[in-house]
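Engineer: can you look at this prediction? I've put the sequence above it.
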Amino acid sequence: MRLNARVRRLAPYISFYLIILSACHSSPPAISGANYLDSLAHISGADVRDSSAYFDKIDSLCRTIAPAGDFRAWCRHYWQYNFYYYQSGNYPAALRHADSMVRLSQSFHFGNTGAVLDARSLLMEGNVFLAEQLFAPAFEKFVGAREIMSLTPDNFALADYAHSMATATFNRKRYAESLTFHRELMARERDCYPSGSFSSISHLQGTWDNIGICFVRLDQPDSAIRNFDSALTLLHTRANSFPDEDLFFKTATAIVQGNKGDALLMAGDSSAAERIWLESIRTNSLPGYENGDALFTRLKLGNLFLFKRRLPELKQTLQQVAAGLDTLREPGLRERYLRLQYRYDSASGNWREAAMTGGKIVDMQDSLDREAVRTDAINMDTALSILITNARLPLLERQTRFHAWLIAILLLCLIMGLTIIFLIIRQYRQSQKNIQTLRNNLASLAKSQESNSRVMKVVAHDLRNPVSAMMTIAEMLLTKKVTPSSEQEFLKHLHRSGHDAIRLIDDILQYQVNAAIFSPERMQLRDMLEHCCFLLKHKTDEKQQSIHLSGPPVYIMGDREKLWRVFSNLLTNAVKFSHPGTSISVRIIPEAGRVLVATEDRGIGIPANIRDKIFTPAAKRKGTAGEPTFGLGLMICRQIIEQHKGNIWFESEEGKGTTFYVELPL
């Protein structure tokens, strides 16, 4: 994974400017920010081969912007570190200056700024260890820096930390974790640099490039190509905005193109990979460009030539790489060159040269193995896992809180949803009950209307007879057509007709109010039956009949007036349809939860042809003494008994008598 060289050279200058602004928060720097950046640009363009002149310029700048003392010394070590780390690659010298920065930063009295400088010093020290493949001390420094940053967060320090961890995890081939840290780095850098500035563009395209490389290592070429294209689009669209940085934009474009070729080859498009690699090599092979990146890209192209058995082109590529090995100090370049040279010699049949190259590879591998043993004295992956876990703790805590709130909201929504569903179901069931009740009421109303209409027709027909008789008698009396001797007889007939009409009207009125009024009370059934028998004594005496009541006292819940009408009607019918001189029996029979009242006569019985009509107005016939009937009594009786949740039925044998049964709940 290779960052653009121009970005690596610019990073120290931009970071140092922000460090100065932070450190001088309480006392502004002696020169303006614009003049300071001009001075940094002048330094960045200085000839680094003349180290003494370079450091003289650094000393002059530090005396201008930093007060004398430890902070000025820290600034001087900062620049010397960056010179040895970025420019000359002298890691031992860079480490000495990083150690000095750590000691000085711990003596600062800048409050949070001192802690930030301490964290950045530890990160720079860890980067040197990481560059030398000394993972254990590198991770130790990163852990220390992370602990400090957890107390005094600083976006630039956190960005440096994310960059260091992205590099460390990539070197340990933990590409998924490296991808995560690169994304964190991108988010941090967006907050560090002004949007649209050169610093923002240079860092953003580099991070997109590195994210693409991680996807290549994770065998996800499509995702890699998307990130490479994002970097190339940014470079192409913003190059004209910074004409003084033409070298950077061309170099960075060539580097990204070289990396995109890897993804294209992985996706199966070897022709496109070859074209974009050649374009990258043409640019970075020019003087002043990233010649080291061009050599790495030539090796990629050489592997493609080997795969396609284009050995002459592979030989030429190896010669071009060999010419640059002695002039460029690029880690890993010689090893890759030797491995490709060995494969070329083997494919060409040059076995002697292949054996010699193989020996060099073995010697180099032995050296690497010894280094690996030294660096793996401590379990690196365990240390790295601990560091990654510590870095993720704040994110995990935020995610846990978010998930807790989300679960609470979901539970609340679930409860509300269930409550709404319950209310809807309950309302639906209640509405169904109401609808059913309404239907029943409508059916009852229709049935009642039909019954009323039928009753009215019967009553109108029955009422005509007594009224007509009354009118005829009255007319005869008025016209003097009646003899004085028969006048008294006609008046009796008139009185009887009026009495029948009144009885019929009473039956109609009673039928109308039976369903509307219901007033149950606790009552003693036997007492009520005794009263009914007593009131009918004058009628039984006329026909020389007797009524016998038997059974224990029983208490029921019922409407006294209506039940009296039921049993009075049944006893009246028994008297009416019994022969003179016979007896009528009334029996009270208690049962489990109910009581049965049987009214038995020794009368004429009920003919078979009217038994199914006995509870309708159509069942009309005269009594044994010619007593008239209107057919409403038994219909009213059944209505009252059903209102009491009871039953009424009869057993009859024509010519021998009838028994009516009334069953009521206790």
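Structural biologist: Yes, it's here.
Engineer: report pLDDT for residue 223.
Structural biologist: Note for residue 223: predicted pLDDT of 95.
Engineer: now it, nearest residue through space, not along the chain?
Structural biologist: residue 215 (4.3 Å; CB to CB, 6 or more residues apart in numbering). Yep, even glycine has a C-beta here, placed from its N, CA and C like the rest.
Engineer: now name the helix or strand holding the one you found.
Structural biologist: Assessed by DSSP states H and E, residue 215 sits inside helix 198-217.
Engineer: cool, residue 548 as well?
Structural biologist: Here residue 548 sits within strand 546-550, counting by DSSP H and E.
Engineer: what is the following helix or strand past that strand packed up against?
Structural biologist: On the C-terminal side of strand 546-550, the nearest following helix or strand under DSSP H and E is strand 555-558. Applying 3 or more CB pairs under 8 Å, 6 or more residues apart in numbering; DSSP states H and E, one finds that strand 555-558 contacts strand 521-524, strand 657-665.
Engineer: mind listing what's buried along strand 555-558?
Structural biologist: By 16 or more other CB atoms under 10 Å, the buried positions in strand 555-558 come out as 556, 558.
Engineer: picking up where we left off before, of the helices and strands packed on strand 555-558, which stretch is the most buried?
Structural biologist: Ranked by mean neighbour count, the helices and strands packed on strand 555-558 are led by strand 657-665 with a mean of 19 (mean count of other CB atoms under 10 Å).
Engineer: pairing partners for that strand, with directions?
Structural biologist: strand 594-600 (antiparallel), strand 647-653 (antiparallel) (DSSP bridges).
Engineer: quick one, which of these is packed in tightest?
Structural biologist: For the strands paired with strand 657-665, the highest mean count by mean count of other CB under 10 Å goes to strand 594-600, at a mean of 19.
Engineer: so for the helix or strand immediately after that one in the chain, mean pLDDT?
Structural biologist: Moving toward the C-terminus from strand 594-600, the next helix or strand (DSSP H and E) is helix 633-643. Average pLDDT, helix 633-643: 87.
Engineer: so helix 633-643 versus strand 657-665, what angle?
Structural biologist: On the basis of axes from the mean of the first three to the mean of the last three CA atoms, to 10 degrees, helix 633-643 is oriented at 20 degrees to strand 657-665.
Engineer: just the buried residues of helix 633-643, please?
Structural biologist: Neighbour-count burial for helix 633-643, counted by 16+ other CB under 10 Å, picks out 633, 634, 635, 636, 637, 638, 639, 640, 641, 643.
Engineer: and the second one, how close does it get to residue 221?
Structural biologist: Read that as residue 634. 98 Å (CB to CB, to the nearest Å).
Engineer: ditto for the fourth one
Structural biologist: When distances are taken as CB to CB, residue 636 and residue 221 turn out to be 96 Å apart.
Engineer: also the fifth one?
Structural biologist: As for residue 637, its distance to residue 221 is 96 Å (criterion: CB to CB).
Engineer: next one: the last one
Structural biologist: Note on residue 643: its distance to residue 221, by CB to CB, is 88 Å.
Engineer: go on, the third one?
Structural biologist: Relative to residue 221, residue 635 is positioned 95 Å away (CB to CB).
Engineer: contact partners for residue 161?
Structural biologist: The contact partners of residue 161, by CB atoms under 8 Å, 6 or more residues apart in numbering, come to 119, 123, 142, 145, 146, 149, 391.
Engineer: restricted to helices, list the residues you listed.
Structural biologist: Among the contacts of residue 161, the ones falling in helices (DSSP state H) are 119, 123, 142, 145, 146, 149, 391.
Engineer: show the pLDDT at the last one.
Structural biologist: For residue 391, the model assigns a pLDDT of 52.
Engineer: rewinding a little: among the contacts of residue 161, who's most crowded?
Structural biologist: Highest neighbour count within the contacts of residue 161: residue 119, with 28 neighbours (other CB atoms under 10 Å).
Engineer: give me the pLDDT value at that residue.
Structural biologist: Listed pLDDT for residue 119 reads 83.
Engineer: next: residue 386.
Structural biologist: pLDDT, residue 386: 61.
Engineer: one more: residue 585?
Structural biologist: For residue 585, the model assigns a pLDDT of 94.
Engineer: just give the strands next to the strand or helix carrying it in its sheet, each with its orientation.
Structural biologist: Using DSSP H and E, residue 585 sits within strand 583-591. As defined by DSSP bridges, the strand partners of strand 583-591 come to strand 546-550 (parallel), strand 594-600 (antiparallel).
Engineer: can you list those strands in TSV and add distance to residue 131?
Structural biologist: Converted to TSV, the strands paired with strand 583-591 look like this (distance: least, CB to CB, whole Å):
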stretch	distance to residue 131
strand 546-550	121
strand 594-600	103
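Engineer: for residue 266, find the nearest of these.
Structural biologist: strand 594-600 (91.9 Å; CB to CB).
Engineer: show me the shaky parts of the stretch 201-350 of the chain.
Structural biologist: Of all residues in the stretch 201-350 of the chain, those with pLDDT under 70 make up the ranges 328-331.
Engineer: in it, which spans are helices?
Structural biologist: Ranges of helices in the stretch 201-350 of the chain, per DSSP state H, counting those that start in this stretch, are 221-238, 246-266, 270-284, 291-307, 311-325, 333-348.
Engineer: so which of these is nearest residue 186?
Structural biologist: When these are compared by CB to CB, helix 221-238 sits nearest residue 186, at 10.4 Å.
Engineer: just the CA atoms of the closest one, as PDB, please.
Structural biologist: Below are the C-alpha coordinates for helix 221-238, written out as PDB (Å, rounded to 0.1, in the frame of the first residue of the first chain):
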ATOM      1  CA  PRO A 221     -12.400  -5.900  -7.500                       C
ATOM      2  CA  ASP A 222     -15.700  -4.100  -8.200                       C
ATOM      3  CA  SER A 223     -15.600  -2.200  -4.900                       C
ATOM      4  CA  ALA A 224     -11.900  -1.400  -5.500                       C
ATOM      5  CA  ILE A 225     -12.600   0.000  -9.000                       C
ATOM      6  CA  ARG A 226     -15.300   2.300  -7.600                       C
ATOM      7  CA  ASN A 227     -12.900   3.800  -5.100                       C
ATOM      8  CA  PHE A 228     -10.100   4.100  -7.600                       C
ATOM      9  CA  ASP A 229     -12.500   5.900 -10.000                       C
ATOM     10  CA  SER A 230     -13.500   8.200  -7.200                       C
ATOM     11  CA  ALA A 231      -9.900   9.200  -6.600                       C
ATOM     12  CA  LEU A 232      -9.200   9.700 -10.400                       C
ATOM     13  CA  THR A 233     -12.400  11.700 -10.900                       C
ATOM     14  CA  LEU A 234     -11.400  14.000  -8.000                       C
ATOM     15  CA  LEU A 235      -7.900  14.500  -9.400                       C
ATOM     16  CA  HIS A 236      -9.100  15.100 -13.000                       C
ATOM     17  CA  THR A 237     -11.900  17.600 -12.000                       C
ATOM     18  CA  ARG A 238      -9.800  19.700  -9.500                       C
END
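Engineer: name the residues that touch that helix?
Structural biologist: Here helix 221-238 has contacts from 196, 201, 204-206, 208-209, 211-216, 249, 252-253, 256-257, 259-260, 262-264, 266-267, using CB under 8 Å, 6+ apart.
Engineer: report the angle between it and helix 246-266.
Structural biologist: Angle, helix 221-238 to helix 246-266, by the same axes, to 10 degrees: 160 degrees.
Engineer: distance of the residue minimising distance to the centre of the chain from residue 416?
Structural biologist: With distances taken as CA atoms, centre = their mean, residue 410 lies nearest the centre of the chain, 6.1 Å away. Distance, residue 410 to residue 416, using CB to CB: 11 Å.
Engineer: can you check residue 346 too?
Structural biologist: Noted for residue 346: a distance of 73 Å to residue 416, by CB to CB.
Engineer: and those two? Which one has more around it.
Structural biologist: More crowded of residue 346 and residue 416, by other CB under 10 Å: residue 346, with 16 against 10.
Engineer: that's all I had, so thanks and see you.
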